[in-house]
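K.L.:
fold the following.
(6 chains)
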Protein chains: 4
Amino acid sequence: MGARETNRESRERALLEAAIESFAELGFSEVRLSDIAKRAGMTAGHLSYYFPSKSELLRRAIEMSERRLIEDARAALARLERPEDRLRTLIDLSLADRVRDPGWLLWFQVWAGAALHPEITESHHALDGEWRALLRQVIDEGIAAGGFRAEDPDATAAAIASMLDGLSIQLVLEAPGYGPERIRAIADAAVAALLGLRDA
Amino acid sequence: MGARETNRESRERALLEAAIESFAELGFSEVRLSDIAKRAGMTAGHLSYYFPSKSELLRRAIEMSERRLIEDARAALARLERPEDRLRTLIDLSLADRVRDPGWLLWFQVWAGAALHPEITESHHALDGEWRALLRQVIDEGIAAGGFRAEDPDATAAAIASMLDGLSIQLVLEAPGYGPERIRAIADAAVAALLGLRDA
Amino acid sequence: MGARETNRESRERALLEAAIESFAELGFSEVRLSDIAKRAGMTAGHLSYYFPSKSELLRRAIEMSERRLIEDARAALARLERPEDRLRTLIDLSLADRVRDPGWLLWFQVWAGAALHPEITESHHALDGEWRALLRQVIDEGIAAGGFRAEDPDATAAAIASMLDGLSIQLVLEAPGYGPERIRAIADAAVAALLGLRDA
Amino acid sequence: MGARETNRESRERALLEAAIESFAELGFSEVRLSDIAKRAGMTAGHLSYYFPSKSELLRRAIEMSERRLIEDARAALARLERPEDRLRTLIDLSLADRVRDPGWLLWFQVWAGAALHPEITESHHALDGEWRALLRQVIDEGIAAGGFRAEDPDATAAAIASMLDGLSIQLVLEAPGYGPERIRAIADAAVAALLGLRDA
DNA sequence: TATGAATGAGGATTCATTCAT
DNA sequence: CATGAATGAATCCTCATTCAT
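P.N.:
Sure, this is the predicted structure:
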């Protein structure tokens, strides 16, 4: 029973992974159930056997993707002590790291689908809030340690997070003149300015 | 002949406006031609008479929306002299000004559809480039006038533009805690910090 | 506009007729939209263009069939004066007139679908009520004229109507030994007995 | 081996009972194998293990239901002597005894499915024939005993049986104004009239 | 021009049935 | 025996697009 359960879970996860990739690439409406099933090596009928509807699949897929993201961030931070290192880690995890970064493409879909899928937007806000809380905490630590300066730390966290979002969009969409290194440099310089550092 | 042409143009514009609103709300795939036609007070058959395909309609609609945006910005700037005023105008025009700002919802659709509609992405890059060039120019003027400071003005322009993008996303998606005033304040403070101003 | 309307109406009627025949033969669930459309010389897509759903088509089809039935009866009665003739006409119209009589096959479907389609059952009761009221009226006329005898005319009407129903079932289902003539003779003799006549 | 066989039989009977109830409620096409299996406390896979196809299950279910009915009637008649009592028993067993009487709902399904399932119709005719033969026999007994009068006893039996059918339909379908008592009274009076009795 | 009828391809979903475990 | 995963055929319905009027 336990083994069977695990088997089911692993199949569901495979389908969810396939769904995330597909949704990120094409958007919810343009993805066919058969595409997702094929990518996971199953049939469309089987997919429907596990997930009662395309909507439910979308919901579960986004949920899994978001949960994973914040857990990764927590794990990465747990290994670091210095505010500067922790800040750098958050920036690293937040910034898209390449053109067509699948994680970021998925956010585009979430934003675009906000009007049609309010429940997904809700859960996205929750994730985003956790993310900003992490950043805020690191900033507070840096201020306490004396390395960072910010009059309104919450505003600073929001500004930094938003800027990283905007820069990632440029990178993911392959905006001319904004490759990974340039994006990185822009981000570092701006973060430094916003936190009153000499250098990033 | 001229009148008829004008009539056609006005009908086409009405359809394009309707299309923009519809795409912004629902996304490309979820919009029905009949929705758009109804919104413009015509029939789907008539729409097809003017626009050969849905894709072509999408392309034309986005193109019109973007062209209009940059023209509005140029017109607004033309009336102002002081770099501070010009900067403020750009920020005003760039920031979403309310939850579910239709203009911004449309960008979400453009980003989400980037993989499927590369030609639209291209034209979007062009617009975005012009926008950043405007901002860059205003920053340069401010530096020349002595009010702004920036080591790498292009990077600063990119950082500011990206931050405004990210903040607009928060506002448009109704992120809890980030209403228009708060977003505005965050933007002002961050821009001040990035341009070495005392205050915004 | 009037012509166009009429055209649409005639197409709808053609589809409804095709639907009635199909439903009578196969039952609601076993009929395919494409069967009905094909029978009416159209495509399934076109059928859906006129009728939004299979259920709605069923409802409209039954409605048309029932309305037509009672109108035919009223028209036939209008031409007759003597209670005996009027009674005979009702019996004629009521009895199935051949094996697999499509009208009667449709009643079987209505009865079988009663649990799933309560609204159709309702409208069926209404028709049946009108039918029994007609019969009751003719019986009353016969009693008044002195030819018929009945202590409880309503009960007599119900008994006669029910018997005609039951006999029609036998005929329609091709029960061995019960052909049209035999059914007719049984009905006449029983009606005579129930109304105190010497002979039918 | 014998015990196992018996176990199998009891499981099959449970499935058949579940099938009868399900078919009566929803009709053949609308019933899912999983519904039937669940009702019998088994899985759909298990049902398929016992019955090779849905059609075969239908055939067996109806067969069981009909066989049981006629056996019950024979058993009830065996305990009675007087023609009047025997006639009453047949009427009691024949009339639906409540709204949505499951036995009668099943007949509706059988009639509705006559075109698609001729073999079931055949077996239904056989049952019906036996039923009418019982009635005919009781009527003959009553005539011989002097209590009943009928010129054509077969026709009278057919008329009575058909009337009971028609009245049961009214009751089962919950026709307004025809509750169990009223139906009963109508039946009794009509039977009395058809058999030349003073009273039922 | 403008309409709306008509098409037909396409897709989500259901479900009987099979079969490995 | 029993399960439930897996299949794939079948079907309703949608909708962009065409076209006669």
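K.L.:
wait, A:Met64 sits on A:Ile20?
P.N.:
Yes - A:Met64 is within contact range of A:Ile20, at 7.3 Å (criterion: Cβ atoms under 8 Å). C-beta here means a position set from N, CA and C on the backbone, and glycine is covered the same way.
K.L.:
neighbour count winner among those two?
P.N.:
Taking neighbours as other Cβ atoms under 10 Å in any protein chain shown, A:Met64 and A:Ile20 compare with A:Ile20 leading, 23 against 16.
K.L.:
what packs against the helix or strand hosting that one?
P.N.:
Here A:Ile20 sits within helix A:2-26, counting by DSSP states H and E. Contacts defined by 3 or more Cβ pairs under 8 Å, 6 or more residues apart in numbering or on different chains; DSSP states H and E place helix A:2-26 against helix A:33-39, helix A:44-50, helix A:54-78, helix A:102-112.
K.L.:
which other residues reach that helix?
P.N.:
By Cβ atoms under 8 Å, 6 or more residues apart in numbering or on different chains, the surrounding residues in contact with helix A:2-26 are A:31, A:35-37, A:39-42, A:47, A:50-51, A:57-58, A:60-62, A:64-65, A:102-103, A:105-106, A:109, B:115-116.
K.L.:
quick one, which of these are buried?
P.N.:
A:31, A:35-37, A:39-40, A:42, A:47, A:50-51, A:57-58, A:60-62, A:64-65, A:103, A:105-106, A:109, B:115 (16 or more other Cβ atoms under 10 Å in any protein chain shown).
K.L.:
check whether the lengthiest helix in chain A comes into contact with chain B.
P.N.:
Ranked by residue count under DSSP state H, the longest helix found in chain A is helix A:118-145. Yes - Helix A:118-145 is in contact with chain B by Cβ under 8 Å from any Cβ of the partner chain, via A:Thr121, A:His124, A:His125, A:Asp128, A:Gly129.
K.L.:
and those, which two are furthest apart?
P.N.:
Distance extremes for the residues of helix A:118-145 next to chain B: the farthest pair is A:Thr121 and A:Gly129 at 12.5 Å, using Cβ to Cβ.
K.L.:
give me the more crowded residue out of those two.
P.N.:
A:Thr121 (19 against 13).
K.L.:
residues contacting that one?
P.N.:
Here A:Thr121 is in contact with A:Val110, A:Gly113, A:Ala114, B:Leu173, B:Glu174 (Cβ under 8 Å, 6+ apart).
K.L.:
let me see the contact set for the first one.
P.N.:
Residues in contact with A:Val110 (Cβ under 8 Å, 6+ apart) are A:Ile62, A:His117, A:Ile120, A:Thr121, A:His124.
K.L.:
with adjacent residues omitted, what lies nearest to the second one?
P.N.:
Distance criterion Cβ to Cβ, 6 or more residues apart in numbering or on different chains; nearest residue to A:His117, sequence neighbours excluded, is A:Leu58 at 7.1 Å.
K.L.:
who's in contact with that neighbour?
P.N.:
By Cβ under 8 Å, 6+ apart, the residues touching A:Leu58 are A:Ala19, A:Phe23, A:Phe28, A:His117, A:Ile120.
K.L.:
any stretches of chain A with poor pLDDT?
P.N.:
Under the criterion of pLDDT under 70, the regions of chain A flagged as low confidence span A:1-5, A:198-200.
K.L.:
which residue would be the closest one in it to chain C?
P.N.:
Closest residue of chain A to chain C, Cβ to the nearest Cβ: A:Ser53 (18.9 Å).
K.L.:
distance check, the spatially closest residue to A:Pro102 that is not a sequence neighbour against DNA strand F.
P.N.:
Once flanking residues are discounted, A:Pro102 sits nearest to A:Ala24: 4.6 Å by Cβ to Cβ, 6+ apart. Using Cβ to the nearest atom of the strand, to the nearest Å, A:Ala24 is found at 23 Å from DNA strand F.
K.L.:
give me the element A:Glu174 is part of.
P.N.:
Going by DSSP H and E, A:Glu174 is not in any helix or strand.
K.L.:
right, and it touches A:Val99 too?
P.N.:
Yes - counting by Cβ under 8 Å, A:Val99 is a contact partner of A:Glu174 at 4.8 Å.
K.L.:
what about the two, which has more around it?
P.N.:
A:Glu174 (16 against 13).
K.L.:
now the more buried one: how far from B:Trp111?
P.N.:
Counting by Cβ to Cβ, to the nearest Å, the separation of A:Glu174 from B:Trp111 is 12 Å.
K.L.:
who's in contact with the residue in chain A that DNA strand F sits nearest to?
P.N.:
Using Cβ to the nearest atom of the strand, the single residue of chain A nearest to DNA strand F is A:Gly45, 2.3 Å away. Applying Cβ under 8 Å, 6+ apart, we find A:Gly45 in contact with no residue.
K.L.:
spit out the contact partners of A:Leu134.
P.N.:
A:Ala73, A:Arg74, A:Leu77, A:Leu90.
K.L.:
cool, A:Asp165 as well?
P.N.:
Counted by Cβ under 8 Å, 6+ apart, A:Asp165 has contacts A:Ser94, B:Ser162, B:Asp165, B:Gly166, B:Ile169.
K.L.:
select from those residues the one having the most neighbours.
P.N.:
B:Ser162 leads these on contacts (other Cβ under 10 Å) with 26 neighbours.
K.L.:
quick one: the nearest residue to that one once chain neighbours are set aside from DNA strand E, how far?
P.N.:
Leaving aside its chain neighbours, B:Ser162 sits nearest to A:Gly166 (2.7 Å; criterion: Cβ to Cβ, 6+ apart). With distances taken as Cβ to the nearest atom of the strand, A:Gly166 is found 32 Å from DNA strand E.
K.L.:
what do you get for A:Leu90?
P.N.:
Distance from A:Leu90 to DNA strand E, by Cβ to the nearest atom of the strand: 37 Å.
K.L.:
go ahead and confirm that residue touches A:Leu77.
P.N.:
Yes - using Cβ under 8 Å, A:Leu90 is in contact with A:Leu77, at 7.5 Å.
K.L.:
hey, what's in contact with both of the two?
P.N.:
A:Leu134, A:Val138.
K.L.:
can I get the contacts of A:Asp165 in JSON lines with secondary structure?
P.N.:
Conversion of the contacts of A:Asp165 to JSON lines gives the following (DSSP: H, G, I helix; E, B strand; the rest coil):
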{"residue": "A:Ser94", "secondary structure": "helix"}
{"residue": "B:Ser162", "secondary structure": "helix"}
{"residue": "B:Asp165", "secondary structure": "helix"}
{"residue": "B:Gly166", "secondary structure": "helix"}
{"residue": "B:Ile169", "secondary structure": "helix"}
